[in-house]
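Q: Take a look and give me a structure for this.
(one chain, ligands or ions: 1)
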Amino acid sequence: MAALAVLRRSAPARLLSGTLCVHSRVLAPWRQYQSNRHFSNDKILVEMDESTGVAVMKMKNPPVNGLSLELLTEFSISLEKLEIDRGCRGLILTSASPKVFSAGLDITEMCGKSAEHYAAFWKAVQEMWLKLFGSNMVTIAAINGSSPAGGCLMAMCCDYRIMADSPKYAIGLNETQLGIVAPFWFKDTMTHTVGSRVTEQSLQLGQMYPAPAALKFGLVDQLVPEDKVQITAAAAMAQWLSVPDHARQITKPMIRKPIVDRLVKQREADIDNFVSFISKESIQKSLQAYMDRLKQKKQ
Ligand SMILES: CCC/C=C/C(=O)SCCNC(=O)CCNC(=O)[C@H](O)C(C)(C)COP(=O)([O-])OP(=O)([O-])OC[C@H]1O[C@@H](n2cnc3c(N)ncnc32)[C@H](O)[C@@H]1OP(=O)([O-])[O-]
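A: Numbers count the residues shown, from 1 in each chain. All right, here's what the predicted structure looks like:
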């Protein structure tokens, strides 16, 4: 009830009916929702600071924050809650696990499953991207570890990226290295972040960049010592929030809306395309071989 009261107070009228009608579906999985608006479920932890209007969202899917269907679903529900909460103006996205921001899409979700499962999974990936890239809030990625593929995508969706300054940590869209292909909206997000030429080369080579290299061409905006990532993100957020919300919120979609609309217009076709691609025997073999290599690396 407390959660409902918060939503009623803060949700814009046009969103309220939608929120209420999915009330039982949205709120049921939440383990905790306190009046101070700290809440968590299995894979996502949100700490909302009422005095600053900033929420810190931590992914917690050990060991590597693989973006599973469950994590992605919880992520989208959490983000939607924050988006309709007028008290929340900024989001810092980070990882609860040391050393890894996110290993990208959980490869096990794309191996040996049914076409229905692949479709549901891809829809959840799309949903995450649409919500994060299209967010009205200021979004800052506090990248406290490695961030390949889908992890890099999430970071690029944010308005600003701060990464732990260590050559051990790398970031990039490495899909081709797995024998798979980043879809056009991953490509669009990278082009939006670093421009066409770097994107073309990075995507073809499936290039992962150590943090210092990523800074050089703007894949990340700032490097700081690992133990300063969160505090620097908070400081950067304060600076972004010093701009009047209405002006910033009108400006952001001028750049992002056409990119979002491209996927919105062809979501179903994009899902069909993914399902047919990922179901191919050759692609399944390629993913399995990659998973085997990951496991061998540990021995
Ligand atoms: C068209 C589709 C577009 C696709 C987009 C994508 O995002 S595709 C995604 C592309 N993503 C990548 O290519 C990233 C691949 N991952 C890495 O490069 C490294 O894991 C790391 C640098 C993230 C962390 O290094 P570290 O030394 O700290 O950790 P570690 O390496 O020892 O792994 C620990 C355990 O996690 C397992 N596991 C790892 N990743 C995944 C995953 N994505 N999924 C599932 N499982 C994964 C790993 O097998 C191992 O399992 P085990 O043996 O314990 O049962």
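Q: What residue in the stretch 151-299 of the chain comes nearest to the ligand?
A: Relative to the ligand, the nearest point of the stretch 151-299 of the chain is Leu294 (3.8 Å; Cβ to the nearest ligand atom). From N, CA and C alone the C-beta is placed, and that goes for glycine too.
Q: Check the secondary structure at that residue for me.
A: At Leu294 the chain is in helix, as set by DSSP: H, G, I helix; E, B strand; the rest coil.
Q: Under a three-state scheme, what state does Leu91 occupy?
A: Under three-state DSSP, the three-state class of Leu91 is strand.
Q: before we move on, back to that, let me know how buried the residue of the stretch 151-299 of the chain closest to the ligand is, in neighbour terms.
A: 12 (other Cβ atoms under 10 Å).
Q: do the same with Phe101
A: 29.
Q: Over to the one 3 residues further on?
A: The number of residues packed around Gly104, counting by other Cβ under 10 Å, is 23.
Q: pLDDT score for it?
A: pLDDT, Gly104: 98.
Q: Now do the residue lying closest to it once chain neighbours are set aside against Ala269, distance only.
A: For Gly104, ignoring the flanking residues on the chain, the nearest one in space by Cβ to Cβ, 6 or more residues apart in numbering is Ala149 at 3.0 Å. Separation of Ala149 from Ala269 (Cβ to Cβ, to the nearest Å) stands at 22 Å.
Q: Neighbour count: those two, which is higher?
A: The residue with more neighbours, out of Ala149 and Ala269, is Ala149; 25 against 9, by other Cβ under 10 Å.
Q: pLDDT score assigned to the more buried one?
A: pLDDT, read off for Ala149, is 98.
Q: for Arg256, same thing?
A: Note for Arg256: predicted pLDDT of 98.
Q: wait, what's in contact with the closest residue in space to Lys99 that isn't next to it in sequence?
A: Of all residues not flanking Lys99 in the chain, Gly145 sits nearest, at 4.3 Å (Cβ to Cβ, 6+ apart). In this structure, Gly145 makes contact with 95, 97-101, 164, 169, judged by Cβ atoms under 8 Å, 6 or more residues apart in numbering.
Q: Mind checking which of those are buried?
A: 95, 97, 100-101, 164, 169 (16 or more other Cβ atoms under 10 Å).
Q: about what we covered before: with respect to per-residue confidence, which of the contacts of Gly145 is lowest?
A: Within those, pLDDT is lowest for Pro98, at 86.
Q: contacting residues around that residue?
A: 144-145.
Q: what about it, distance to the ligand?
A: 9 Å (Cβ to the nearest ligand atom, to the nearest Å).
Q: Mind listing what's buried along stretch 146-156?
A: For stretch 146-156, using 16+ other Cβ under 10 Å, the buried residues are 146-156.
Q: and which of those is nearest Val46?
A: Within the buried residues of stretch 146-156, the smallest distance to Val46 is 15.3 Å, found for Met154 (Cβ to Cβ).
Q: what helix or strand is that closest one on?
A: helix 150-157 (DSSP states H and E).
Q: what's the neighbour count on the residue nearest to Ala182 when sequence neighbours are not counted?
A: Leaving out its chain neighbours, the residue that sits closest to Ala182 by Cβ to Cβ, 6+ apart is Glu175, at 4.4 Å. Glu175 has 21 neighbouring residues, counting by other Cβ under 10 Å.
Q: Might you report the residue contacts of the residue nearest to Phe184 when sequence neighbours are not counted?
A: Using Cβ to Cβ, 6+ apart and skipping the chain neighbours, the partner closest in space to Phe184 is Arg262 (7.2 Å). Neighbouring residues of Arg262 by Cβ under 8 Å, 6+ apart: 184-185, 188.
Q: Show me the residue at the heart of this structure, geometrically.
A: The centroid of the chain falls nearest to Met154 when counting by Cα atoms, centre = their mean (3.1 Å).
Q: Pretty sure it sits against Met128.
A: Yes: Met154 lies in contact with Met128 (Cβ atoms under 8 Å); the separation is 7.3 Å.
Q: Touching both of the two, which residues are there?
A: Counting by Cβ under 8 Å, 6+ apart, the residues touching both Met154 and Met128 are Leu67.
Q: The ligand contacts on this protein?
A: Listed as neighbours of the ligand in the chain under the rule Cβ under 6 Å from any ligand atom: 63-64, 66, 99-100, 103-108, 146, 148-150, 174-175, 178, 180-182, 291, 294-295, 297-298.
Q: quick one: the strands in the stretch 151-299 of the chain?
A: Applying DSSP state E, counting those that start in this stretch to the stretch 151-299 of the chain gives strands spanning 160-164, 170-172, 209-210, 222-224.
Q: who does the second one touch, helix- and strand-wise?
A: So the one you mean is strand 170-172. Counting contacts by 3 or more Cβ pairs under 8 Å, 6 or more residues apart in numbering; DSSP states H and E, strand 170-172 packs against strand 145-148, helix 150-157, strand 209-210, helix 211-216.
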